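Trainee: pasted the sequence and its predicted model underneath.
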Amino acid sequence: MKKVYEKRDEQKMIGTTPVLILRYNFYQDKFCGVDIETTLDVLPALVSLYGPATQADSGRQQYWWIGQTATATLQKTPGAAPWLSIWNNELRAQLEAAEKAATRQQGKAASADL
């Protein structure tokens, strides 16, 4: 179903910001997204590249750039390194639907065991 490959210390950069961890995500053997842990705040660089972000709740430090084929999400948590995720919209939707179906199936199986 979903496979994740992680690379640490690959010596990659986002602009001038070092990348700590890269997680390459695959669904049905197709590359569908990447999760990137950085050392510094990349929000200014992303805004300069992609324009202003969407922010659903100003109290949370989570930002979105939604495109036709991909969505980028930046999650900033106090005391933790920022995470940037970039996913293919179509494959992400397929993966989420499959995960929901699997969860429902597990719930039915657990109910049948009672």
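Mentor: Good, I have the coordinates. Remember, predicted model here, so these are calculated numbers, not experimental data.
Trainee: which SS class is residue 60?
Mentor: Secondary structure, DSSP: H, G, I helix; E, B strand; the rest coil: residue 60 is coil.
Trainee: okay, now it: neighbour count?
Mentor: Other residues near residue 60 number 11, with proximity taken as other CB atoms under 10 Å. Where C-beta positions appear, they are placed from N, C-alpha and C, glycine not excepted.
Trainee: please renumber the chain so that the first residue is 89 from this point on.
Mentor: Will do, 89 is the new start, and the previous item becomes residue 148.
Trainee: list phi and psi for it.
Mentor: The phi and psi torsions at residue 148 (degrees, to the nearest 10) take the values phi -100, psi 140.
Trainee: likewise for the one 3 residues further on?
Mentor: Main-chain dihedrals, residue 151, degrees, to the nearest 10: phi -130, psi 140.
Trainee: touching, it and residue 140? I think so.
Mentor: No. Assessed by CB atoms under 8 Å, residue 151 is found out of contact with residue 140, at 9.0 Å.
Trainee: the lowest-mean-pLDDT helix or strand in the chain pairs with which strands, parallel or anti?
Mentor: Least confident helix or strand of the chain, by mean pLDDT, DSSP states H and E, is strand 101-102 with a mean of 78. Paired strands of strand 101-102, with direction, are strand 105-115 (antiparallel) (DSSP bridges).
Trainee: can you pull up the bridge partners for residue 105?
Mentor: Per DSSP bridges, the residues bridged to residue 105 are residue 102.
Trainee: for residue 187, see how far away it is.
Mentor: 31 Å (CB to CB, to the nearest Å).
Trainee: so those two - more neighbours on which side?
Mentor: Neighbour count, other CB under 10 Å: between residue 105 and residue 187, residue 105 has more, with 18 against 13.
Trainee: who touches the least confident helix or strand of the chain?
Mentor: 107, 124, 126, 130, 133, 172 (CB atoms under 8 Å, 6 or more residues apart in numbering).
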